[in-house]
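Enquirer: Provided below for reference: sequence and predicted model.
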Amino acid sequence: MTGTAEEQRASDLPVVPVRHPGRWIGAAVVLVLLAMFVHWLVATDGLHWDVVRKYLFDPSIEHAAWHTVELTVLAMVIGIVLGVVLAVMRLSPNPIMSGAAWAYVWFFRGTPVLVQVLFWFNLPAVMKSLSLGVPFGPSWFHTDPKTLITQFGAAVLGLGLNEAAYMSEIARAGILSVDDGQTEAAQALGMTRLQTMQRVVLPQAMRVIIPPTGNETISMLKTTSIVLVIGYLELTATAQVIGARTFLVIPLYLTVSIWYIAMTSVLYVGQYYLERYFARGSIRALPPTPLQRIRMLGSRNPV
Amino acid sequence: MTTEPMVRAEGVWKRFGLVDVLRGIDLTVERGEVMCILGPSGSGKSTFLRCINHLENVDAGRLVVDGELVGYEQRGGKLYELREGEVARKRAEIGMVFQRFNLFPHMTALGNIVEAPIRVKRVSRTAAEKRGRELLERVGLGGREDTYPRQLSGGQQQRVAIARALAMDPKLMLFDEPTSALDPELVGEVLDVMRDLATSGMTMVVVTHEIGFAREVGDALVFIDEGVVVESGPPKQVLTSPQHERTKAFLSKVL
């Protein structure tokens, strides 16, 4: 009886919602700060937006952005492939294998990537020749390390080998996240260790591996800028060179920042769809992609 | 050769660290026989099942499956430990069904079934899929080929798991508490499939708590406790007039 009386009262009387004065004050402060920042961006002559516009699609900047992409892709490919191999080695029952993988990760995580890039670049100075053959025995193939380790080669090696150490831990976490029952079921069906890894464990580990790998790729895109220490002209180094020549340092850094943000945003999209692909079978129904949502709006069919 | 039983265990011993899980298991599973293994949890019955499939190594004793020592090959008076590939080939001839189904969640029902025939037996995809559909039909899941495991009920998942094992044309099927993780109302559908399989003449070793199934379908029943076979015989005899105190105590709790 009291329940119905209460309902009655609730529907008849005017309702006073809870006030949130704190939220209004907070929002006002943020909006004022934002307005000040935008005003500063627009009104500061020293930022030279006209120069930013002029250099944004300058051939030398576009060329440099392409170099940054090349470095990122190659370093990440080396990092991911070698990282997965190291993770599998680390989980091997053979103590030499797992020990070697452990030592690799220990060494490459223990030294700065900047030092590693400088090390590879300067290696030809102490290594007079590189040869392929029987260990401690005769060799069939000789070359001068200088031809292999160019600026670009040293940059890719330095970044890629360093990345492999971090990727191996990410891959190992992914592999460990897959239930042991999956391995057992695959083995009971007569699948070998390699088949089990390829077909059963890794595809499931991918769900855990992808988000931190996206993180690493985005991080790598910007870490490539450190190779300016060996004089390789990627995006940041190019901005520095042009800035020094024209005395317009800040506008050029703004220019490359826009490039970095644009490239990072593209990676976000890629990661979104990769995650969806490897999530198949894991949730009852996947939420629609932004594109599918737009299409649904067009068809006016809300189901 | 054909008189050789499918599984012959003599003094099978298994130790995990300091614990002796199996302390000399002796039993024989004849061809075409359905053997049910009963026992309290921790008695070692699942471990024994896993030994048959070489998912665990036997520490001592002899375990012979289809006339061949598990994990070894006898050549010229010596036992050679099998390589990984050879172990895998032997496992391919033995089907196993797990308590927790262990279906591959990233593959559809049909994908789960055709995976091993295609990768391990090198069957063509078309042939494997045709057979896969037949098997799904057989376990009562015709038309669910493209469903992912998580979209199926526990009972349906377990039936897909049985179909997956059957797709390899095994000579022996091992069931490790196949209905223990299921809601009571879903147990029946899985037991029905297993009953059909038994009728078709498949040799089966079933670790279970389903006394009714053991009585109706089982040809032999073994009661294991603390790593040894306490009692064995025809199911009706063991279940109605157990000889040992431990069997009696166990049955009084589960019946």
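Expert: That came through, no problem. Numbers count the residues shown, from 1 in each chain, chains lettered A, B, ... in the order given.
Enquirer: CA atoms for contacts and neighbours, from now on please.
Expert: Will do.
Enquirer: I figured residue A:282 hits residue B:106, correct?
Expert: Yes: with contacts counted by C-alpha atoms under 8 Å, residue A:282 reaches residue B:106, the gap being 7.0 Å.
Enquirer: burial of the closest residue to chain B within the stretch 201-303 of chain A, as a residue count?
Expert: Here the stretch 201-303 of chain A gets closest to chain B at one residue, residue A:281, 5.1 Å apart by C-alpha to the nearest C-alpha. Residue A:281 has 19 neighbouring residues, counting by other C-alpha atoms under 10 Å in any protein chain shown.
Enquirer: what about it, is that helix, strand or coil?
Expert: Secondary structure for residue A:281, judged by DSSP: H, G, I helix; E, B strand; the rest coil, is coil.
Enquirer: which residues touch it?
Expert: Residue A:281 makes contact with B:105, B:106, B:107, B:108, B:148, B:149, B:150, B:151, according to C-alpha atoms under 8 Å, 6 or more residues apart in numbering or on different chains.
Enquirer: distance check, the fifth one against residue B:223.
Expert: Translated: residue B:148. 37 Å (C-alpha to C-alpha, to the nearest Å).
Enquirer: what of the fourth one?
Expert: Computed as C-alpha to C-alpha, the residue B:108 to residue B:223 distance reads 38 Å.
Enquirer: if you count surrounding residues, which of the two has more?
Expert: Set side by side, residue B:108 and residue B:223 show more neighbours around residue B:223, with 25 against 21, by other C-alpha under 10 Å.
Enquirer: and the closest residue to chain B within the stretch 51-200 of chain A, what pLDDT?
Expert: Nearest to chain B, among the residues of the stretch 51-200 of chain A, is residue A:190, at 4.1 Å (C-alpha to the nearest C-alpha). On the pLDDT scale, residue A:190 is placed at 95.
Enquirer: next: residue A:32.
Expert: 97.
Enquirer: and it, its phi and psi?
Expert: phi -60, psi -40 (degrees, to the nearest 10).
Enquirer: tally of neighbours for it?
Expert: 11.
Enquirer: pick out the residue closest to the middle of chain B.
Expert: What sits nearest the mean C-alpha location of chain B, by C-alpha atoms, centre = their mean, is residue B:174, with 1.0 Å.
Enquirer: got it, and chain A?
Expert: Nearest to chain A centroid, counting by C-alpha atoms, centre = their mean: residue A:217, 1.8 Å.
Enquirer: burial measure for residue B:227, as a count.
Expert: Neighbours of residue B:227 (other C-alpha under 10 Å): 22.
Enquirer: quick one on the thing from earlier: which one of the contacts of residue A:281 is nearest residue A:238?
Expert: Distance to residue A:238 across the contacts of residue A:281 (C-alpha to C-alpha) is lowest for residue B:106, with 45.3 Å.
Enquirer: need the nearest residue in space to that closest one, chain neighbours excluded.
Expert: What sits nearest to residue B:106 in space, not counting adjacent residues and going by C-alpha to C-alpha, 6 or more residues apart in numbering or on different chains, is residue A:281, at 5.1 Å.
Enquirer: mind listing the strands the helix or strand harbouring residue A:131 pairs with, and their directions?
Expert: According to DSSP states H and E, residue A:131 maps onto strand A:130-133. As defined by DSSP bridges, the strand partners of strand A:130-133 come to strand A:139-143 (antiparallel).
Enquirer: show me where pLDDT drops low in the chain?
Expert: Here I'm looking at chain A. A:1-11, A:283-286, A:298-303 (pLDDT under 70).
Enquirer: ah, I was thinking of chain B
Expert: B:1-2.
Enquirer: and residue A:115, how many residues sit next to it?
Expert: 12.
Enquirer: what helix or strand is it on?
Expert: Applying DSSP H and E as the criterion places residue A:115 in helix A:113-126.
Enquirer: go on, residue A:83?
Expert: helix A:59-90.
Enquirer: now do that helix: distance to the chain's middle.
Expert: 10 Å (C-alpha atoms, centre = their mean, to the nearest Å).
Enquirer: helix/strand/coil for residue B:111?
Expert: Classified using three-state DSSP, residue B:111 is helix.
Enquirer: state the distance from it to chain A.
Expert: Counting by C-alpha to the nearest C-alpha, to the nearest Å, the separation of residue B:111 from chain A is 11 Å.
Enquirer: any part of whichever strand or helix holds residue A:155 near chain B?
Expert: Using DSSP H and E, residue A:155 sits within helix A:151-177. No: Helix A:151-177 stays clear of chain B (C-alpha under 8 Å from any C-alpha of the partner chain), getting no nearer than 13.7 Å.
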